[in-house]
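> A structural model of the following input is requested.
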Amino acid sequence: MQITLEEEEITCPEGMTLYELSRMYQKNYKYPIIVAKVNGAVQELYHSVQEGSVVQLCTTQDKDGHRVYIRGLSMLLLKAIYSEVPEDKIGKVTIDFCLDSGYFCRLSGDVLLDQELIERVEKRMREDVREDIRFEKQIIRTRDARQLFESLNMPEKGKLMEYRKNSRMTVYNLGKFTDYFYGAMPYSTSILEHFRLELFEEGFVFVAPKRYEPTTMPPYRPSMKQYRTMRVANEWCRKLQVSTVGELNEVIVNGNLQELMLTQEALHEKTIGDIAVDIEKRGCRVVTIAGPSSSGKTTFSYRLSTQLKTLGLKPHPVALDDYFVNRVDTPRDEFGEYDYECLEAIDIRQFNQDLNDLLEGRPVRLPTYNFITGNREYTKPELTLDEDEILVIEGIHGLNDKLTYTIPKENKYKIYISALTTLNLDRHNRIPTTEARLIRRIIRDARTRGNTAQKTISMWNSVRRGESINIFPFQEEADAMFNSALIYELAAMKLYADPVLFRVTKDCPEYTEAQRLLKFLDYFIPIDPHDVPLNSILREFIGGGILLN
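All right, here's what the predicted structure looks like:
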């Protein structure tokens, strides 16, 4: 057969599997091959090679390969737990969320989670890695799958499948352990050699290599503020009885969505109000807001300003982008492009001088950055700050003390905002916190900037790298952390995202990611976006809000 492998025409024997092909070419790759892309679609290695196919072999360092590694490691972990804990003692096993390089898990039931159990589970996992057990894929009727998982005490999987349109479902067998997973799995367990388990808070984490160093075990250094924020969100999900997509779909079908929406929005408003009260109590006059892309920073700043006004304060917005250095002085990245995300792209000295002058009651003429000419301009009238006025600054470097190096710590209040999703497909299939942010950005870019989903997806890795350098290392420095995620938002965004994602064609490098997102959104029953409250953070992305034009 003739196929194209990594843009090279090669000949291979008829009936060859992708696994056999990967063994032949592994020597050409630095890291282990775990999955393949065939004609733009991710395929597991047990599939046969087809005549005329365009094949790309993905290692554990590739984005799709890393996802497969984590998915396989999750099933390996679950198999070990169900093997080591007696059936009459085990309750629910939940893989909750990612925290630094670890994935936080909880156990319920009559089981003592201690170091001895963690060591036994890890030992069993390593034994299964050495045995090189195959991940076996099985396609069964959806009705039978629901009955199967009910019998295995995994009712949330049955609930997820209850609202699926497909008549058949894919389940995986690893030895005698059976489970459902969203997405491709490894060929066998031997590739899953890098991991460790650690007790953490009321649960434990399985620590895995980071994508760009897939054979190196990193230290586990979690942000405790992020952990507490996500734990609170989890508790609210449990109180509302909407922790999984199946439960959300059930709320929608039963006509209880409006109550869920109003409760979520009220929780947001209360949290923002509490932050405003804390700012007022501390007497801080400089508030900085930072967070990763599509966190809802702009809407949050409007709502925070409203809450500050109810306390008798007068917030004054300052746009950090207006302090960009002139374009000719802007640093360039490794690709020779202007790097507007680095701290050196900001005129920090002038920014601090203006802040201090304002806080001391002196008049200041604030600049405006002209993105067409690439220069700062001074066309605004002079500003003088009264004693009851405070500065609200939204920008990527807001948590970095180097940005406001001349402002005393006691006079600053730093807020970190992100969409920290705690809703999961089911207890074993977590939704990454970046998923909703990417979909938010795809919708917003298409609506406000005319960007295709292809363009937004193509930029996402660069955006994420900038966040890793300029935002995430400083999140623990925040005085307050706000979670902008909404339980119902993916159901509301589905109607906007689907048409944009379907426009990404097979010949685009971003096709695989677009198809993955479409498959993911297919789990959600869509809701009428007109029901979303007009001041919701979600309106920043879907439009129609009252806070933004």
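
> C-alpha from now on. contacts and neighbour counts both.
Noted.

> contacts for stretch 127-138?
Stretch 127-138 is contacted by residues 76, 170-175, 185-193 when judged by Cα atoms under 8 Å, 6 or more residues apart in numbering.

> could you turn the buried ones of those residues into a PyMOL selection?
A single PyMOL command suffices to select whichever of those are buried according to 16 or more other Cα atoms under 10 Å:
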select buried, resi 76+170+171+172+173+174+185+186+187+188+189+190+191+192
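
> least confident of the contacts of stretch 127-138?
Lowest pLDDT within those is found at Thr170 (92).

> in a strand, that one, correct?
Yes. Assigned with DSSP: H, G, I helix; E, B strand; the rest coil, Thr170 falls within a strand.

> spatially nearest residue to it (excluding sequence neighbours)?
Excluding the flanking residues, the one nearest Thr170 by Cα to Cα, 6 or more residues apart in numbering is Ile139, at 4.5 Å.

> cool, and Thr404?
Of all residues not flanking Thr404 in the chain, Asn352 sits nearest, at 6.1 Å (Cα to Cα, 6+ apart).

> all helices for the stretch 401-549 of the chain, in order.
In the stretch 401-549 of the chain, the helices defined using DSSP state H, counting those that start in this stretch lie at 433-444, 453-470, 489-502, 511-521, 539-542.

> which of these sits most buried?
Highest mean neighbour count of the helices of the stretch 401-549 of the chain: helix 539-542, a mean of 23 (counted as mean count of other Cα atoms under 10 Å).

> is the residue nearest to Thr404 within a helix or a strand, and which one?
Here Asn352 sits within helix 348-359, counting by DSSP states H and E.

> follow-up on the earlier one: count the residues that sit near the residue nearest to Thr170.
11 (other Cα atoms under 10 Å).

> please apply the same query to the one 3 residues further on.
Around Thr142 there are 19 other residues, counting by other Cα under 10 Å.

> same question for the one 3 residues further on.
Neighbour count for Ala145, taken as other Cα under 10 Å: 22.

> name all residues that make contact with the closest residue to Gly158 other than its chain neighbours.
With sequence-adjacent residues excluded and distances taken as Cα to Cα, 6+ apart, Gly158 is closest to Arg146, at 4.3 Å. By Cα under 8 Å, 6+ apart, the contact set of Arg146 is 155, 157-159, 161-162.

> which one of those is nearest Tyr488?
Tyr488 lies nearest to Lys159 out of these, by Cα to Cα, at 16.8 Å.

> which residues touch the closest one?
146, 246-247.

> and it, what element?
helix 155-162.

> any idea of the mean pLDDT for that helix?
For helix 155-162, the mean pLDDT works out to 90.

> also stretch 427-435?
Stretch 427-435 carries an average pLDDT of 92.

> check stretch 32-40 too.
For stretch 32-40, mean pLDDT rounds to 96.

> in it, what counts as buried?
If you call a residue buried by 16+ other Cα under 10 Å, then stretch 32-40 has these buried ones: 32-40.

> again, but for stretch 190-210
Buried residues in stretch 190-210, defined by neighbour count with 16+ other Cα under 10 Å: 190-192, 194-199, 204-210.

> quick revisit: highest neighbour count among the contacts of Arg146?
Lys157 (26 neighbours).

> report the separation between the closest residue to that one other than its chain neighbours and Val253.
Leaving aside its sequence neighbours, Lys157 sits nearest to Asp426 (Cα to Cα, 6+ apart; 6.0 Å). Noted for Asp426: a distance of 18 Å to Val253, by Cα to Cα, to the nearest Å.

> if you count what's nearby, which of those two comes out ahead?
Higher neighbour count among Asp426 and Val253: Asp426, with 26 against 13, using other Cα under 10 Å.

> am I right that that one is in contact with Val242?
No. With contact defined as Cα atoms under 8 Å, Asp426 does not count as touching Val242 (10.7 Å).
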